[in-house]
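S.K.: Fold the stuff below for me.
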Amino acid sequence: MPTTLFSFFALSFLLTFCLTPLTIFFAKKYGLVDDSKSRPHPAHTHHGIIPRAGGIPIFFGIFLSLLFAFPLNKQLVGILVSAFILVLVGIWDDKKDRSPYIRFFTNCLAVLVSIAAGVGIPYITHPFGGILPLDTWRITFDFFGNHSLIVWADLFALIWLLWTTNIIGWSGGVDGQLPGFVSISALVIGILSFRFAATDPAQLYVSFLAFITAGAFSGFLPWNFYPQKIMPGYGGKTLAGFLLGVLSILSFSKLGTAILVLAVPMTDALFMLFKRSFSGKSPVRATSEHLHHHLLRLGWGKRRIAFFYWSIS
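M.R.: Model prediction:
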C-alpha cells in the first residue's frame, strides 16, 4: 500500500509538472501576470513580469489524480467543488487584484460548500485526557432530503478552514517558499493518517488525498523555485491553505499536527494580525512586514529563506 501511495504522489507530481508550462503560456497570453512596475504590491519580492495562475496546474494535478485513485463520494466532491471555486476566484484576482473583502466572501462560500458536504470537527482532544465533543447540537431539516446542521462542529470547521485558507498564502512571497512547506506538511499528515488506516479504512482515503496534494505542490515547485518562472497566484495560495486545513480535519493527526508543521506561517500570521489591529490598520491589507520580508532585509537570499521554511516544517 505505501507503494501505491507514492505512485499517486508521482502521478500528481507529473501531471502538475507537465501542465505548468501550458499554464505559463496561458497566463502570458491572457494577461494573468504580475508586473512589478505597472502593478506594484507591498508584499511582493520579485522584479519584472512573472506569470500567475499557479492554482490551475495544481488543481488539475490533484483532480485528475483523484479520478484514478478511488470513486468520488459526497465529501470528496464537496472538497473538489470548493477547490474549484478558490481557483476560479484566483484567476479573477490574478487578472486584476480584487478587494480583500470580496476575496474573503468567496472564501467563505468555498468553505461552506465543503462543510455542507460533511467536513466538520466532531470533537477536540483535551490535552490532559479525554475529548470535548462538538457534535451534540444538531439541527435537522428537510431540503432535497434529510440533512443535519451540526452547529459547533460546523462552526469550528468554518473558523479553522477560513483561517488556514487565508493565512497560508501570506508565507508565499519568496520563490519556492510555499509549495515546499505545503508539500512537506501534506506528507506529514498523510503518513500519520496512514498509521490508522488498519483500524479506520476512511483514513486510507485521507492518506491518498494528502499524498496527491503533496505531489501536486512538489510538481509545481521546480517552476516556482528561484528564479521562479510562475507564481502560485491567489488561487494556488488559497488552495494550499484550504487543502491543508481539510486534511488536518479529516485525518487522525487533527489540528495539533497542522499547527506544528505550519508553526512559522501561523506564528507570522498571528503576529501580523495583532500588529495591524493594534496600529489601527485593516488586518486583511497587504504588507511588507512578514517574516520573509525581514529576512530579506537582513541579507538572506531567497533560496535560504525557502529552505528555512522547509526545514522548520
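
S.K.: quick one, helices of the stretch 101-250 of the chain?
M.R.: 151-167, 177-194, 202-224, 233-250 (DSSP state H, counting those that start in this stretch).

S.K.: Packed most tightly, which of those helices would that be?
M.R.: Among those, helix 233-250 has the highest mean neighbour count (mean count of other Cβ atoms under 10 Å), at a mean of 28. Bear in mind the C-beta positions are built from the backbone N, C-alpha and C, glycine included.

S.K.: G54 is in contact with I91, correct?
M.R.: No - using Cβ atoms under 8 Å as the test, I91 is too far from G54 to be in contact (10.6 Å).

S.K.: Now the common contact residues for the two.
M.R.: Taking Cβ atoms under 8 Å, 6 or more residues apart in numbering as the criterion, I91 and G54 both touch G233, G235.

S.K.: More neighbours: those two, which one.
M.R.: G54 (36 against 19; other Cβ atoms under 10 Å).

S.K.: Mind putting the helices of the stretch 101-250 of the chain into a markdown table with distance to L296?
M.R.: Putting the helices of the stretch 101-250 of the chain into a markdown table (distance: least, Cβ to Cβ, whole Å) gives the following:
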| stretch | distance to L296 |
| --- | --- |
| helix 151-167 | 20 |
| helix 177-194 | 11 |
| helix 202-224 | 17 |
| helix 233-250 | 19 |
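
S.K.: Any chance of those helices in TSV with mean pLDDT and distance to P71 as columns?
M.R.: Shown next, in TSV, are those (pLDDT from 0 to 100; distance: least, Cβ to Cβ, whole Å):
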stretch	mean pLDDT	distance to P71
helix 151-167	92	24
helix 177-194	92	19
helix 202-224	94	10
helix 233-250	94	17
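
S.K.: I'd like to know which of those helices lies nearest to P2.
M.R.: Closest approach to P2 among the helices of the stretch 101-250 of the chain (Cβ to Cβ): helix 177-194, 7.4 Å.

S.K.: Tell me the helices and strands packed up against the closest one.
M.R.: helix 2-29, helix 202-224, helix 233-250, helix 254-261, helix 302-312 (3 or more Cβ pairs under 8 Å, 6 or more residues apart in numbering; DSSP states H and E).

S.K.: on that earlier part again, quick one: closest of the helices of the stretch 101-250 of the chain to F59.
M.R.: Taking Cβ to Cβ, helix 233-250 is the member of the helices of the stretch 101-250 of the chain nearest to F59, at 6.4 Å.

S.K.: Now do that closest one and helix 177-194, the angle between them.
M.R.: On the basis of axes from the mean of the first three to the mean of the last three Cα atoms, to 10 degrees, helix 233-250 is oriented at 20 degrees to helix 177-194.

S.K.: Could you name the helices and strands sitting against helix 233-250?
M.R.: Packing contacts for helix 233-250, counted by 3+ Cβ pairs under 8 Å, 6+ apart, involve helix 55-69, helix 74-95, helix 100-116, helix 151-167, helix 177-194, helix 202-224, helix 254-261.

S.K.: Would you convert the ones you listed into CSV that also reports distance to Y234?
M.R.: Shown next, in CSV, are the helices and strands packed on helix 233-250 (distance: least, Cβ to Cβ, whole Å):
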stretch, distance to Y234
helix 55-69, 7
helix 74-95, 4
helix 100-116, 7
helix 151-167, 11
helix 177-194, 12
helix 202-224, 14
helix 254-261, 21
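
S.K.: of the ones you listed, which approaches G245 most closely?
M.R.: That would be helix 151-167 among those, by Cβ to Cβ, at 3.4 Å.

S.K.: right, so of the helices and strands packed on helix 177-194, which gets closest to H290?
M.R.: Closest among the helices and strands packed on helix 177-194, using Cβ to Cβ: helix 302-312, at 10.7 Å.

S.K.: now that closest one and helix 254-261, what's the angle there?
M.R.: 140 degrees.

S.K.: As CSV, could you dump the C-alpha coordinates of helix 302-312?
M.R.: Extracted as CSV, the C-alpha positions of helix 302-312 are listed here (Å, rounded to 0.1, in the frame of the first residue of the first chain):
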residue,chain,number,x,y,z
LYS,A,302,15.5,33.7,-1.4
ARG,A,303,16.8,30.1,-1.6
ARG,A,304,18.0,30.3,2.0
ILE,A,305,14.6,31.6,3.2
ALA,A,306,12.8,28.8,1.3
PHE,A,307,15.0,26.1,2.8
PHE,A,308,14.5,27.7,6.3
TYR,A,309,10.7,27.3,5.9
TRP,A,310,11.0,23.8,4.6
SER,A,311,13.3,22.7,7.4
ILE,A,312,11.1,24.0,10.1
